[in-house]
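J.: give the three-dimensional model of this entry:
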Amino acid sequence: MVKKAQSAPQRVSDLLRVPSGSVDLAAYDTGSTPGFTGDKTAGKAALEPLGPQLADLQERLFAHGRTGGSKRVLLVLQGMDTSGKGGAISHVVGQVDPQGVSIRSFKAPTAEELSHDFLWRIRRAVPAAGMLGVFDRSHYEDVVAVRVHELVERRVWSRRYASINRFEERLVAADCHLIKVFLHISPEEQKARLLARLDDPTKHWKYNPRDVDVRARWTDYQDAFEDALERCASDAAPWHLVPADKKWYRNWAVMRLLLEAFDALDLTWPTASYDVAEERKRVLAS
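T.: All right, here's what the predicted structure looks like:
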């Protein structure tokens, strides 16, 4: 009897990729765990062995850049307040050597930044060759927050989608692997996390009274994010939606997205540009 060939497990990046066409965030279950069938305990256990794998791949990327390679990786994290951008950075990116990581958090632009094109400060933060870059918020604030709070006219922000698409196309063409992640949280979970910050004096510094004002514009933010996910997605720079009500799943999913991206780079350790045997003799004789 011939055994039926087993199909390869589906990649998490495929499961979480936002399909082309109209996007309805309300249709996504923020408490779901696509690609993982276990509970919280199993999820934390599954995450643990992935850290060393990511660290090894990130070191290969760093070595690649130090020896003339051009490849780099950029992780873009977007989401409502408390969706876990900082948590993902801490629990996932924190597993690798910090010297090979550049992290930028984009808040309200400074006066100098406002004097330039909206992408000026973004271009300056793009990771160099061999680096893993992380954007905690990004150029998408300029078609989301700017739109919701009417900081510029509609005719201005509506033209930015095309600018973003051109910018990302150039990034990818310049050997930058782009991973765009939208952390999708429910308003109920956000409320619980805000209250938790108020209940814990060690978390008061993380609380911002403005977050409550932003909650009042929840629907407007969802509309703006839907348009960004729909209008700024391509085969080279797709969006991935990570249900973020469960912190452990969020961390596991972002880790898997990074691992799959690094695997796609097919990085090997650089070969020595010198005679290894001869250098060994010299070291022994020194």
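
J.: so which residues of the stretch 101-250 of the chain form helices?
T.: Here the stretch 101-250 of the chain has its helices, by DSSP state H, counting those that start in this stretch, at 111-114, 120-123, 145-148, 154-157, 160-173, 187-199, 210-215, 218-231, 247-265.

J.: by contact count, what packs against the last one?
T.: Going back to what we said before, that points to helix 247-265. Here helix 247-265 touches helix 12-16, helix 40-47, helix 50-66, strand 72-79, helix 85-91, strand 176-184, strand 239-243, going by 3 or more Cβ pairs under 8 Å, 6 or more residues apart in numbering; DSSP states H and E. Using the backbone N, CA and C atoms, a C-beta is placed for each residue, glycine as well.

J.: can I get these in CSV including distance to residue 277 and mean neighbour count?
T.: Converted to CSV, the helices and strands packed on helix 247-265 look like this (distance: least, Cβ to Cβ, whole Å; neighbours: other Cβ atoms under 10 Å):
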stretch, distance to residue 277, mean neighbour count
helix 12-16, 42, 17
helix 40-47, 41, 14
helix 50-66, 21, 17
strand 72-79, 33, 24
helix 85-91, 43, 19
strand 176-184, 36, 22
strand 239-243, 46, 23
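
J.: save those as TSV, and put in mean pLDDT too.
T.: Shown next, in TSV, are the helices and strands packed on helix 247-265 (pLDDT from 0 to 100):
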stretch	mean pLDDT
helix 12-16	96
helix 40-47	95
helix 50-66	96
strand 72-79	98
helix 85-91	95
strand 176-184	98
strand 239-243	98
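
J.: of all these, which one is nearest residue 262?
T.: If you check each of these against residue 262 by Cβ to Cβ, helix 50-66 wins as the nearest, at 3.9 Å.

J.: so what does the closest one touch, helix or strand wise?
T.: Using 3+ Cβ pairs under 8 Å, 6+ apart, helix 50-66 is in contact with strand 72-79, helix 247-265.

J.: return the most buried member of the ones you listed.
T.: strand 72-79 (a mean of 24; mean count of other Cβ atoms under 10 Å).

J.: who does that one pair up with?
T.: strand 132-136 (parallel), strand 176-184 (parallel) (DSSP bridges).

J.: identify whichever of those lies nearest to residue 53.
T.: strand 132-136 (13.9 Å).

J.: tell me what angle the closest one forms with helix 50-66.
T.: 110 degrees (axes from the mean of the first three to the mean of the last three Cα atoms, to 10 degrees).

J.: next, the angle from strand 132-136 to helix 247-265.
T.: 140 degrees.

J.: where does pLDDT dip in the protein?
T.: For the chain, the stretches with pLDDT under 70 are 1-9.

J.: and the helices of the stretch 101-250 of the chain: which comes nearest residue 17?
T.: Of the helices of the stretch 101-250 of the chain, nearest to residue 17 by Cβ to Cβ is helix 247-265, at 9.8 Å.

J.: list the contacts of the closest one.
T.: With contacts defined as Cβ atoms under 8 Å, 6 or more residues apart in numbering, helix 247-265 is touched by 11-13, 16, 33-36, 40, 43-44, 46-47, 50-51, 53-54, 57-58, 61, 71, 73, 75, 77, 84, 87-88, 91-93, 95, 177, 179, 181, 183, 240, 242-244.

J.: the helices and strands packed on helix 50-66: which one's closest to residue 140?
T.: Nearest to residue 140, of the helices and strands packed on helix 50-66 and by Cβ to Cβ, is strand 72-79 at 5.2 Å.

J.: how far does the closest one sit from the chain's center?
T.: Here strand 72-79 shows a centroid-to-chain-centroid distance of 3 Å under the convention Cα atoms, centre = their mean, to the nearest Å.

J.: that one to helix 187-199, inter-axis angle?
T.: Using the same axes, to 10 degrees: strand 72-79 against helix 187-199 is 90 degrees.

J.: can you list the strands paired with strand 72-79 in JSON lines and add distance to residue 65?
T.: Shown next, in JSON lines, are these (distance: least, Cβ to Cβ, whole Å):
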{"stretch": "strand 132-136", "distance to residue 65": "10"}
{"stretch": "strand 176-184", "distance to residue 65": "12"}
